[in-house]
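1. Just a sequence and a predicted model for now, questions to come.
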Amino acid sequence: MKLIFEKSMAGHRCTLLPACDVPEVELDSALLRESELPLPELSEQEISRHYTQLCRRVHGVNCGFYPLGSCTMKYNPRIDEEMAALPGFASVHPLAPEKATEGCREVLDVAAQYLCEITGMDGMTFQPAAGAHGEFTGVLLIKQYHRSRGDLGRTKIIVPDSAHGTNPATAAMCGFEVVNIASAPDGCVDLEALKAALGPDVAGLMLTNPNTVGLFDENILEITRLVHECGGLCYYDGANLNAVMGVVRPGDMGFDCIHMNLHKTFATPHGGGGPGAGAVGCKAFLKDFLPRSALMEGEGRLQVRSFAGNFLVVVRALTYLLTLGREGVPEAAINAVLNANYLMRKIRGSFTPAFDRTCMHEFVLDLSAFKKETGVSALDVAKSLIDRGMHPPTMYFPLIVHEALMLEPTETESRETLDEAAAIFRELYDLAFRDPEQMHTAPHNAQIGRPDEVKAARSPILRWTKE
Ligand SMILES: Cc1ncc(COP(=O)(O)O)c(C=O)c1O
């Protein structure tokens, strides 16, 4: 497909500027461009067709099933978009006077209040722009807490080996030494390994519960107690909050500080990398260390982003919360767990779950034995799903499961969709024994088959340059 610049035809236009209603001013020649701005020239219809063709090449939640584990790609109700598009929200200037932003402040205050209630926290900031950015902010809070008490010997953060890669990366970026602890055979925290890692040099523990294999750690109260007992704090990676929101609160599990991916759990599914909001909540004793924003009192505190963060993501989150209400929020979580267990049980007849027990909102398949038997890898299965109109699950994560496929169906999928997905998995399972080559070469119907993924990630070409 040609780029929009390559489609450009001199003289094609679709802009009709209104008549100038202010006196014309001659600009100083030093301010004028020396050459024309090389913008593509197209008619309205050409632009419309271009973007429609582009959007047909993308698989989004509105195109089909998108069980991308750990990403909570659920349907985003239209009303959330409508609210975020209201001119009073969408066009507000970050430097607008206080009087003109009362409504926006109220959105931030009410959203913070609801999210504190859901998480069991006492303070909240919306500054961080993503989950990883939230982790960074939260761990800096922990660092600042120890520092404020003159406790400077706490140099380590404990992270289980099932953690999302952003957890150890965050701890390292905040200047901590990362202590990795192995998971127990049941996929949860190994209490003995945790006890062995704890000591006066531990600043805290980073954990998600349910964890990245979709299991709720039943020892959570003991885990947070042990960390507190040695003087450390507990950080909750709330990326998996969709499984427990309104049912159980991280604050009650013993966590001191958390981030949520508003762009997963509370609308704005995070396809395409953003925009996001990694809201950070904390218990009262950490509140003073929260970043300040232009909309908050408290000069001189940490600031991790300009103004109030990605405000429109908060508008969507608040709309989502108000639409679901006190009963709807836990119901969504319960249905997310129900859907995951339903799909896991339907697929279990062919592919093997890594941990064969009741899961939370997602589950992981272990295809290592299947690969030995058929030569077909998790990647081959994922690519073959594309041909069948389904977005592949998350692959090769978490690292503790080899040949992993991680599925998170979310609560917004119907039973029919889950049945169809299970039938596709069954079909692929059989195909792997019958015609593995067809799977090694999949996808056959997609625009892009098997790109060099390392090159695409490390040296992406994101800019068009005129020859
Ligand atoms: C468990 C977990 N933690 C943290 C993150 C990081 O969130 P973000 O991608 O918004 O930076 C993710 C993202 O997928 C995640 O799944």
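-> All right, it came through fine. Note that this is a predicted model, so its numbers are computed, not measured.
2. Measure how buried the closest residue to the ligand within the chain is and give me the count.
-> As assessed by C-beta to the nearest ligand atom, the ligand sits closest to residue 131 within the chain, at 2.3 Å. The C-beta positions use only the backbone N, C-alpha and C, and glycine is treated the same way. Neighbour count of residue 131, defined by other C-beta atoms under 10 Å: 25.
3. State the distance from it to residue 445.
-> According to C-beta to C-beta, to the nearest Å, residue 131 stands 33 Å off from residue 445.
4. do residue 182 as well
-> Here residue 182 is placed at a distance of 42 Å from residue 445 (C-beta to C-beta).
5. if you count what's nearby, which of the two comes out ahead?
-> Comparing residue 182 with residue 445 by other C-beta under 10 Å, the one with more neighbours is residue 182, at 13 against 10.
6. Could you measure from the residue of the chain closest to the ligand over to residue 239?
-> In terms of C-beta to C-beta, residue 131 sits 5 Å off from residue 239.
7. Find residues that contact each of those two.
-> 259, 261, 264 (C-beta atoms under 8 Å, 6 or more residues apart in numbering).
8. How about the residues of the chain by the ligand?
-> 70-71, 130-132, 164, 166, 208, 212, 237, 239-240, 261, 276, 278 (C-beta under 6 Å from any ligand atom).
9. Now the two most distant members of those.
-> 212 and 276 (18.6 Å; C-beta to C-beta).
10. So the two - more neighbours on which side?
-> residue 212 (30 against 22).
11. Surely the more buried one is in contact with residue 163?
-> Yes - contact criterion C-beta atoms under 8 Å: residue 212 and residue 163 qualify, at 6.7 Å.
12. Overlap of the contact sets of these two?
-> residue 398.
13. that older thread, columns secondary structure on top of the shared contacts of residue 131 and residue 239, output as a markdown table?
-> Output for the shared contacts of residue 131 and residue 239, formatted as a markdown table (DSSP: H, G, I helix; E, B strand; the rest coil):
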| residue | secondary structure |
| --- | --- |
| 259 | strand |
| 261 | coil |
| 264 | helix |
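14. Save those as JSON lines, and put in pLDDT and neighbour count too.
-> Converted to JSON lines, these look like this (pLDDT from 0 to 100; neighbours: other C-beta atoms under 10 Å):
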{"residue": "259", "pLDDT": "98", "neighbour count": "32"}
{"residue": "261", "pLDDT": "96", "neighbour count": "28"}
{"residue": "264", "pLDDT": "93", "neighbour count": "24"}
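15. Domain-wise, how is this protein divided?
-> 4-24+36-56, 79-321, 332-456 (automatic domain parsing).
16. Need the winner for burial among those.
-> domain 79-321 (a mean of 20; mean count of other C-beta atoms under 10 Å).
17. can I get the CA coordinates of stretch 55-72 in PDB?
-> Extracted in PDB, the C-alpha atoms of stretch 55-72 (Å, rounded to 0.1, in the frame of the first residue of the first chain):
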ATOM      1  CA  CYS A  55      -7.800   0.800   9.300                       C
ATOM      2  CA  ARG A  56      -8.900  -2.400   7.500                       C
ATOM      3  CA  ARG A  57      -5.300  -3.700   7.900                       C
ATOM      4  CA  VAL A  58      -5.400  -3.300  11.700                       C
ATOM      5  CA  HIS A  59      -7.000  -5.800  14.000                       C
ATOM      6  CA  GLY A  60      -8.700  -4.000  16.800                       C
ATOM      7  CA  VAL A  61     -11.300  -4.900  19.500                       C
ATOM      8  CA  ASN A  62     -14.000  -3.700  17.100                       C
ATOM      9  CA  CYS A  63     -12.800  -6.200  14.400                       C
ATOM     10  CA  GLY A  64     -12.800  -9.400  16.300                       C
ATOM     11  CA  PHE A  65     -11.700 -11.500  19.200                       C
ATOM     12  CA  TYR A  66      -8.500 -10.100  20.800                       C
ATOM     13  CA  PRO A  67      -7.400 -12.300  23.700                       C
ATOM     14  CA  LEU A  68      -4.000 -10.700  24.200                       C
ATOM     15  CA  GLY A  69      -3.100 -11.900  27.700                       C
ATOM     16  CA  SER A  70      -2.000  -9.200  30.200                       C
ATOM     17  CA  CYS A  71      -3.400  -6.500  28.000                       C
ATOM     18  CA  THR A  72      -7.200  -6.600  28.800                       C
END
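18. Now do the strands in the stretch 151-300 of the chain.
-> 156-160, 177-181, 202-207, 233-238, 257-260, 280-282 (DSSP state E, counting those that start in this stretch).
19. Tabulate those (JSON lines), appending distance to residue 66.
-> What follows is these, written out as JSON lines (distance: least, C-beta to C-beta, whole Å):
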{"stretch": "strand 156-160", "distance to residue 66": "27"}
{"stretch": "strand 177-181", "distance to residue 66": "31"}
{"stretch": "strand 202-207", "distance to residue 66": "26"}
{"stretch": "strand 233-238", "distance to residue 66": "21"}
{"stretch": "strand 257-260", "distance to residue 66": "20"}
{"stretch": "strand 280-282", "distance to residue 66": "27"}
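20. what's the closest of these to residue 86?
-> Across those, residue 86 has its closest neighbour in strand 257-260 (23.3 Å, C-beta to C-beta).
21. pull the CA atoms of the strand or helix carrying residue 385 into CSV?
-> Assigned by DSSP states H and E, residue 385 falls within helix 378-387. Written as CSV, here are the backbone C-alpha positions of helix 378-387 (Å, rounded to 0.1, in the frame of the first residue of the first chain):
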residue,chain,number,x,y,z
ALA,A,378,3.5,-21.3,19.9
LEU,A,379,4.5,-18.8,17.2
ASP,A,380,3.1,-21.0,14.5
VAL,A,381,-0.2,-21.4,16.3
ALA,A,382,-0.3,-17.6,16.9
LYS,A,383,0.3,-16.9,13.2
SER,A,384,-2.3,-19.4,12.2
LEU,A,385,-4.9,-17.7,14.3
ILE,A,386,-4.4,-14.5,12.3
ASP,A,387,-5.7,-16.3,9.2
